[in-house]
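Novice: How does the following fold in three dimensions:
(chains A and B)
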Amino acid sequence: AQSVTQLDSQVPVFEEAPVELRCNYSSSVSVYLFWYVQYPNQGLQLLLKYLSGSTLVKGINGFEAEFNKSQTSFHLRKPSVHISDTAEYFCAVSGGSNYKLTFGKGTLLTVNP
Amino acid sequence: NAGVTQTPKFRVLKTGQSMTLLCAQDMNHEYMYWYRQDPGMGLRLIHYSVGEGTTAKGEVPDGYNVSRLKKQNFLLGLESAAPSQTSVYFCASEGQQEPYEQYFGPGTRLTVT
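Specialist: Below you'll find the model as predicted:
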């Protein structure tokens, strides 16, 4: 079985500040890792994914994430956030023959002026 | 290319009523999924399908049924709605090959009174 823990349910930051959204996972097999973003009243959109190769993954809108196998983490970072980054962010994992995604409970990022 | 569409966008039901949510995708994807999203719970998998004519239970299947008679459509049925089924429902589809990305519909907001 696999699971995902998003360590912060809410993260408030000021505009232009850096942000890190934390995600830890557990799985007994090799994993694929994803970050999705959900803007208010919308569906989920893929931000970035890790399948294999380089552990630093760059996504859309200036976000990046680093896969750390030893710490079983996949934290999401952005060096300078904008008001428009206000949204809920979901970390998800799938692995092995289990093609189903397991989602974390989400982190609400609020960017204040 | 519409991606994943969901019908309806909003619905209010009385306890005991039935309804069907329709999901359609035009990307020729094999896999399709139904999730529900509740505050603080993230997304939970209700049912999924790995191909036309196949369905399987997810994490929270009770009270729901599904059908995949055509590859492009995945229907979610509520036979006797309960207030606990008040939620936002998302459909997603996924291809069989990398990048293993799930594409989400815009969601259906269901209220059961």
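Novice: so what's the residue lying closest to B:C23 once chain neighbours are set aside scoring on pLDDT?
Specialist: Of all residues not flanking B:C23 in the chain, B:C91 sits nearest, at 3.3 Å (C-beta to C-beta, 6 or more residues apart in numbering or on different chains). Placement of C-beta: from N, CA and C, glycine included. According to the prediction, B:C91 has pLDDT 96.
Novice: and B:C91, backbone torsions?
Specialist: Backbone torsions of B:C91, given as degrees, to the nearest 10, read phi -110, psi 150.
Novice: Bridged to it, which residues?
Specialist: Counting by DSSP bridges, B:C91 is bridged to B:W34.
Novice: residue closest to the middle of chain B?
Specialist: Centroid check for chain B by C-alpha atoms, centre = their mean gives B:W34 as the closest residue, at 2.9 Å.
Novice: re earlier: does the residue nearest to B:C23 really touch B:Y31, like I thought?
Specialist: No. Counting by C-beta atoms under 8 Å, B:C91 sits too far from B:Y31 to count as a contact (11.4 Å).
Novice: helices and strands of chain B: which one has the lowest mean pLDDT?
Specialist: Using mean pLDDT, DSSP states H and E, strand B:102-104 stands out as the lowest-scoring helix or strand of chain B, at a mean of 91.
Novice: before we move on, the earlier item: quick one: which of B:C91 and B:Y31 has more around it?
Specialist: Each of B:C91 and B:Y31 has its neighbours counted (other C-beta atoms under 10 Å in any protein chain shown); B:C91 has more, 30 against 20.
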